Each structure stands twice: as C-alpha cells, then as structure tokens.
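A.B. asks: Quick one: sequence and predicted model below, then my questions.
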Amino acid sequence: MSDPRPTGAPATTTVAGAPVVPSPRSAPTGPPGPTEQDWQRLIAAIGHAVSIDLVCHVLPDGDALGSALAAGLALRSLGHAPRVSFGDDPQVVPESLGFLPGLDLLVPARAVPERPELMITFDVADPQRLGLLRTKAEAARLLAVLDHHASSTGFGGLRLIDPAAPATAVLVDELLRGSACRWTATSPCLYTGVATDTGSFRYAATTPATHELAARLLATGLRHDLISRRLWDTQSFGYLKVLAAALERAELDPAAAAASASSGPGCPARTCWPTASRRRRSRA
Ligand SMILES: [Mn+2]
C-alpha cells in the first residue's frame with residue numbers, strides 16, 4: 001500500500017464531504033504516541049504483505065472489534081484480502097455489535113495461519129488477551145500492536161501505542177488517514193469504537209479532537225442514533241429480569257457512601273451494590 005496519509009501541511013481536501021481535521025490522536029499532555037517512522041514502517045509492512053491477519057482481544061467490545069473490522073474493510077478496499085479474528089471458541093460476536101459492517105471478514109482462530117506473515121492486534125494490552133491466537137501471534141513474522149492502553153505489556157515487534165488516545169479506533173483512523181479506503185463503509189466501525197471507549201463521549205479522555213473525529217464520521221451519513229440505540233439501549237428481556245432482581249437486592253454500603261461523598265464534585269453521595277446470583281444470571 002502506498003502511504004495513505006498526507007505529509008507536510010494539513011490536508012484541505014474533503015472525504016465524503018467532510019473537512020479533514022487535525023489528528024484526534026494528539027493530546028495536550030501525556031506520553032508521545034507512535035512516531036511517523038512507526039507509521040511508515042507499518043504502512044510499508046502492509047504494502048509488502050501477501051497475508052494479513054487483523055486480531056482483536058477475546059470477548060471483544062466495540063473498540064476492539066470495530067477497530068479490527070474498520071482496518072479490514074479499509075485494507076480490502078485497497079486490494080488486500082485480510083482476515084479478522086479473535087481467539088474465542090466458540091467465537092461469539094456480541095449481539096450489540098451484530099450490525100457492524102465487515103463481519104464477513106471474520107474467520108475462526110483456527111483459520112489464522114500457524115505462522116502469520118503480518119499480524120496486527122487491536123486493543124490488546126496483553127498477549128493473554130489473544131486467547132487461542134496467542135501462540136500464532138508469538139510466531140508471526142511481524143507482530144504489530146495498535147493500542148491505547150497504558151498498561152500495554154510491551155509485546156510485539158512494532159508497537160504503535162498511544163495511551164493518550166481515547167480508543168484504539170482513533171489509531172486506526174490515524175493509519176487510514178488520507179487513504180483511498182471507503183469511509184462510508186468504515187465509519188460505523190470507527191464510530192462504534194470511539195463511542196464505546198469514551199462512554200458515549202462522557203469520559204475524561206474525550207478531547208475536542210475526539211469530537212472532531214466523530215463529526216467527520218457523522219458526515220459520512222452514518223446513523224449514530226441507531227448505533228447508540230443498539231449499543232446501549234437494546235437489551236434482552238432476560239437481562240432486564242436479572243437487572244430487576246439485582247436492584248431488588250441492592251444494599252447501601254455506608255463506607256463506600258462516605259468515600260464517594262468525599263471524592264469531589266459531581267460524584268454521587270450514595271453508593272449501592274446491586275447483586276445477582278450466578279444461578280439467577282444463568283437463567284436469563
Ligand atoms: Mn479500547
């Protein structure tokens with residue numbers, strides 16, 4: 001793949017009608033993210049690879065799976081034939097993420113080569129989170145790690161880690177910036193990643209650049225209202241029954257209540273602990 005990202009002055013072109021804005025990766029403080037050299041190395045590796053495996057962590061959330069699928073869709077649109085996988089058996093895509101485009105790229109862990117030519121992990125801070133794919137990752141000719149966890153354990157031959165980024169999806173956006181990939185196809189995946197890991201743009205890691213990225217993604221025409229409904233406002237009836245049972249058993253913990261009351265403005269002065277038995281959960 002040729003360098004998909006612009007160099008020099010900020011681009012003024014548009015992508016699907018959206019203004020290209022500065023990278024949402026950058027944060028005013030904190031450790032530096034990947035260097036330009038790191039990005040160029042990854043881009044060159046992608047360009048040379050015949051076989052590419054894109055892997056996220058087990059029990060994937062919206063950021064993990066959204067990031068891997070966004071990269072997969074983008075690379076496919078550029079002429080590659082990437083596999084996307086995660087190391088669970090059975091491999092279950094959470095119901096809330098069943099709408100993501102690119103799920104046809106998903107293959108079981110056993111379909112990943114024993115010694116991958118190029119494997120890129122997404123949102124994986126620790127090799128243990130690779131589950132069944134850990135051994136194959138360790139045998140990869142090049143293992144690239146895209147992540148935003150400060151707790152990343154240092155595995156991988158090419159590490160693109162930015163603890164200041166609110167989501168791994170932000171790093172995928174950085175990788176794909178300026179490429180000819182199809183933004184309309186990737187935008188639901190990237191939006192899901194960013195929205196998930198920012199708690200729908202509520203967490204402290206959310207920056208103006210995060211909102212700028214969201215604006216660009218919305219400008220592709222994605223239905224953020226439907227995505228949010230699917231991610232947060234759609235639950236099975238069984239879940240509601242468990243929640244009802246848990247809330248019925250809720251108890252107020254005086255010590256925790258005192259601690260939260262003194263933890264600053266905006267914190268609730270009451271803490272309660274709803275519980276549900278394993279038996280009750282299994283019946284849901
Ligand atoms: Mn994440």
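C.D. replies: Structure received. Numbers count the residues shown, from 1 in each chain.

A.B. asks: Determine the number of other residues adjacent to the closest residue to D197 other than its chain neighbours.
C.D. replies: Ranked by C-beta to C-beta, 6 or more residues apart in numbering and with sequence neighbours excluded, the top spatial neighbour of D197 is A167, at 3.8 Å. All C-beta spots, glycine's among them, are computed from the backbone N, C-alpha and C. For A167, the count of nearby residues is 29 (other C-beta atoms under 10 Å).

A.B. asks: can you pull the contacts of A167?
C.D. replies: Residues near A167 by C-beta atoms under 8 Å, 6 or more residues apart in numbering: D63, S67, H148, G193, V194, T196, D197, T198.

A.B. asks: possible to save those residues as JSON lines with pLDDT and distance to the ion?
C.D. replies: Output for the contacts of A167, formatted as JSON lines (pLDDT from 0 to 100; distance: C-beta to the ion, whole Å):
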{"residue": "D63", "pLDDT": "98", "distance to the ion": "3"}
{"residue": "S67", "pLDDT": "98", "distance to the ion": "8"}
{"residue": "H148", "pLDDT": "97", "distance to the ion": "6"}
{"residue": "G193", "pLDDT": "98", "distance to the ion": "7"}
{"residue": "V194", "pLDDT": "98", "distance to the ion": "9"}
{"residue": "T196", "pLDDT": "97", "distance to the ion": "7"}
{"residue": "D197", "pLDDT": "98", "distance to the ion": "4"}
{"residue": "T198", "pLDDT": "98", "distance to the ion": "10"}
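
A.B. asks: With respect to R115, which of the residues you listed is nearest?
C.D. replies: S67 (23.7 Å; C-beta to C-beta).

A.B. asks: Was I right to think that closest one contacts D173?
C.D. replies: No - at 9.3 Å, S67 does not count as touching D173 under the criterion of C-beta atoms under 8 Å.
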